[in-house]
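Participant: what's the 3D shape of this:
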Amino acid sequence: MGDEDSPVDDLELLRAFEPAVRFTKGEYFYPVSVDRYVQRAALWTAPEGDESTLVAEPGTVDLDVLARRGAGTPEVVESLSGVVTGAERRRVTIPHAARPPRLQGGSRLAAVGLVARLVDALNRVSLVFRGSVPGGSAAASFLLQRDHLAPDEPTYYGRVVRDGSWIVCQYWFFYSFNNWRSGFGGVNEHEADWEQVTVYLDGVGEADDVGLPAPRWVVFSAHDETGDDLRRRWDDPDLSLVDGRHPVVHAGAGSHSGAYLAGDYLISVRPPSWGGFFEGVRKVARVLTPWSVNANRSGVGLPYVDYARGDGRVIGPGGDPWRRDVIDESTGWVHGFRGLWGQDTRDRLGGERGPAGPRYERDGTIRESWADPIGWAGLAKVAPNPSVEAALVRDRTAELELRLATLAEEIDEGRRGLERAAAGLAPASPAVRALADEERRVLDLQMERARRRDELSVLEASAGKPGAESGTDPGAESGADPGPHAHLRHRQTPLPPVSARRSRVLAGWAVVSTPVILYAAGLVILPTVGVSATLMAMFWLVFLLLVEGFARGRFLATLGRVVVAAAVVVGLYFLVSDWRVILGWGFVAAAVLLLVVNVRDAFRR
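Facilitator: Take a look at the predicted model:
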């Protein structure tokens, strides 16, 4: 399916750089054939506000049927489902002998703070009111995969895009189920799952000995990364390669999200509808809890751990071989079916709904990663190699020199015009004052010239410096290698290792802490003889913080912060009860401080 003028066809390119996916021991689902899945799936329609209606029974749908559907408007959303319905599904269980080995170690709640654990409990309660995947769905889908989807023949769907200076190889993986919540304590669960890996090749550089373009960047599917944070440079030490060409992806257990480094990843997600409430709670938590310095690891929100350990099955180079299927814009089922792959649960937050296919979002619009994989990864502003970068620098230098010459003429002409217009007139005359706009225009031209000169001096200083071998990125002088992580605003890394003893303490406290919080809330609300609700609340808050600090090995630091916070509260109390005391001592303190500063300055002179 490659271009006729291309020396390497699409399938050859895809095979040359196809990824090696390393799963976590205990994974249930692997990339399978969409053809096999569709043949076992029923097709449903779900008009807005109405119940889902069966359109086609299992066994009556294939990829050609999907290609002719062309549905997926906001009013009518079609969905595929390969699992049995109703009470029959709830009775399905996985035979013990067929179950994957159990994931060992790790506690997602132990890795986050007290408030995040409480929010997690609220999120789980919300599943009662949201549209969620019914019980038994994961087991039914696992048996469907085992009996009919040939997981021993893993499949990817590859697409090649040639766009300007770049050649893009996209690898799409289809999983029949995402059992992140029920299997690994994740935040969501849904039937069917689409993930991808994208490799960006230098389309204008010199080919290697076998005619292959040089790889420059790679992108893995991620939970919450966007733009520049999605990609890694080919020489990034975070990226592992098989035979120098095949990127290694560590797939999250149940979630199937890609990670560059093996390990356990903590992500805390704020519920989208709670606005700035969590930001305020997060700032208070940073003051009171010394273990919450890193907001990425202890942020307030929905906490979950993505286990991307890479200690299980390997698919791709170095493991089980891939079955490959090339797709493009003309592939019927890719272009024609706008519906959901998996049951439509109507979950408003989206986490329990089946996903759309490679080309579409759930609302039927085209995915950014499909329509513009270059811009989606933030590469529209990045040159594919140092030679292209140097040519761009030369072009920009010529543009700047031309603009500076033009600015010099405009500034000189503007100044002469101002001098002529004001000649012989009193400085405060109306005619001179009327020249203010023209003066402002000339001043703006001067400021632009200063900025252009600065930019030109940077480009001239960088001329001749060696460029990065794997492309360049903004944020450093042109031509100089900014380092593989210079483009990242947020570099996701695994959780640091914790001693076995500390891990057990944290895990035990995580189990009981949320019930203790609810119990304390009940005691605060209930009337207590001789004790005010405020004092009761403060007692339980201090108790919970100190126990949390002890569990994390930061007891003294926590105690110190609690004492400081108590001092602030007492100060505020006196401020409210007798503001003159606080204000008076404030003036006294300011006077002493000012005296010390003045005496010091006097002796220095």
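
Participant: report the buried residues of stretch 138-156.
Facilitator: Residues of stretch 138-156 classed as buried under the neighbour-count rule (16 or more other CB atoms under 10 Å) are 138-145, 148-149, 151, 154-156. Just so you know, the C-beta spots here come from the backbone N, C-alpha and C atoms, and that holds for glycine as well.

Participant: can you pick out the most distant pair from those?
Facilitator: By the measure CB to CB, 139 and 156 form the most distant pair in the buried residues of stretch 138-156, at 25.8 Å.

Participant: for residue 597, what are its contacts?
Facilitator: Going by CB atoms under 8 Å, 6 or more residues apart in numbering, residue 597 touches no other residue.

Participant: please enumerate the strands of the stretch 101-250 of the chain.
Facilitator: Assigned by DSSP state E, counting those that start in this stretch, the stretch 101-250 of the chain shows strands spanning 155-163, 166-178, 190-202, 215-220, 231-233, 241-242, 246-251.

Participant: direction included, what does the last one pair up with?
Facilitator: Based on DSSP bridges, the strands next to strand 246-251 in the sheet, each with its direction, are strand 20-22 (parallel), strand 241-242 (antiparallel), strand 258-259 (antiparallel).

Participant: which SS class is residue 15?
Facilitator: Look at residue 15: counting by DSSP: H, G, I helix; E, B strand; the rest coil, its state is helix.

Participant: quick check: closest non-adjacent residue to it.
Facilitator: Leaving aside its sequence neighbours, residue 15 sits nearest to residue 324 (CB to CB, 6 or more residues apart in numbering; 6.9 Å).

Participant: mind checking the SS state of the one you found?
Facilitator: In the three-state summary, residue 324 is assigned as strand, counting by three-state DSSP.

Participant: what's the burial count for it?
Facilitator: Residues within reach of residue 324, counting by other CB atoms under 10 Å, total 14.

Participant: out of the buried residues of stretch 138-156, which is nearest to residue 505?
Facilitator: residue 138 (31.4 Å).

Participant: hmm, the closest one is touching residue 184, no?
Facilitator: No: assessed by CB atoms under 8 Å, residue 138 is found out of contact with residue 184, at 10.9 Å.

Participant: the buried residues of stretch 138-156 in helices, which ones?
Facilitator: Per DSSP state H, helices hold the following members of these: 138, 139, 140, 141, 142, 143, 144, 145, 148.

Participant: report the separation between the second one and residue 182.
Facilitator: Distance check for residue 139 against residue 182: by CB to CB, to the nearest Å, it reads 9 Å.

Participant: please name the residues that touch the residue nearest to residue 516 when sequence neighbours are not counted.
Facilitator: Of all residues not flanking residue 516 in the chain, residue 544 sits nearest, at 6.9 Å (CB to CB, 6+ apart). Contacts here follow CB under 8 Å, 6+ apart; on that basis residue 544 touches 114, 513, 516, 517, 520.

Participant: from the residues you listed, which single one is nearest residue 435?
Facilitator: residue 114 (66.0 Å).

Participant: quick one: pLDDT of that closest one?
Facilitator: Per-residue pLDDT puts residue 114 at 63.

Participant: break the protein down into its structural domains.
Facilitator: Split into domains by automatic domain parsing, the chain comes to 10-371, 386-462, 500-594.

Participant: now those domains as JSON lines including distance to residue 494?
Facilitator: Output for the domains of the chain, formatted as JSON lines (distance: least, CB to CB, whole Å):
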{"stretch": "domain 10-371", "distance to residue 494": "2"}
{"stretch": "domain 386-462", "distance to residue 494": "33"}
{"stretch": "domain 500-594", "distance to residue 494": "15"}
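
Participant: how about these, which one is nearest residue 487?
Facilitator: Closest of the domains of the chain to residue 487 is domain 10-371, at 4.7 Å (criterion: CB to CB).

Participant: now do the end-to-end distance for that closest one.
Facilitator: Criterion CA to CA, to the nearest Å; first-to-last residue distance in domain 10-371 is 18 Å.

Participant: on that earlier part again, buried deepest among the domains of the chain, which one?
Facilitator: Per residue and on average, the most neighbours among those fall to domain 10-371, with a mean of 19 (mean count of other CB atoms under 10 Å).

Participant: re the thing from before, of the strands of the stretch 101-250 of the chain, which approaches residue 133 most closely?
Facilitator: strand 190-202 (6.0 Å).

Participant: in helices only, show me the contacts of residue 544.
Facilitator: Those of the contacts of residue 544 mapping onto helices are 114, 513, 516, 517, 520, per DSSP H.

Participant: could you double-check that residue 374 sits in contact with residue 380?
Facilitator: Yes: shown here, residue 374 and residue 380 form a contact pair, counting by CB under 8 Å, at 5.3 Å.

Participant: quick one: which of the two has more around it?
Facilitator: A direct count of neighbours by other CB under 10 Å for residue 374 and residue 380 places residue 374 higher, at 17 against 12.

Participant: surely that one forms part of a helix?
Facilitator: Yes: under three-state DSSP, residue 374 sits within a helix.

Participant: on that earlier part again, any chance of the ones in helices among the buried residues of stretch 138-156 in JSON lines, plus pLDDT and distance to residue 549?
Facilitator: Compiled in JSON lines, those are given as follows (pLDDT from 0 to 100; distance: CB to CB, whole Å):
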{"residue": "138", "pLDDT": "91", "distance to residue 549": "38"}
{"residue": "139", "pLDDT": "91", "distance to residue 549": "41"}
{"residue": "140", "pLDDT": "91", "distance to residue 549": "45"}
{"residue": "141", "pLDDT": "93", "distance to residue 549": "43"}
{"residue": "142", "pLDDT": "94", "distance to residue 549": "42"}
{"residue": "143", "pLDDT": "93", "distance to residue 549": "47"}
{"residue": "144", "pLDDT": "93", "distance to residue 549": "48"}
{"residue": "145", "pLDDT": "95", "distance to residue 549": "45"}
{"residue": "148", "pLDDT": "95", "distance to residue 549": "52"}
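
Participant: which one of those residues is nearest to residue 361?
Facilitator: Closest approach to residue 361 among these (CB to CB): residue 141, at 22.7 Å.

Participant: OK, contacts around residue 35?
Facilitator: Residue 35 sits next to 62, 63 when contact means CB under 8 Å, 6+ apart.
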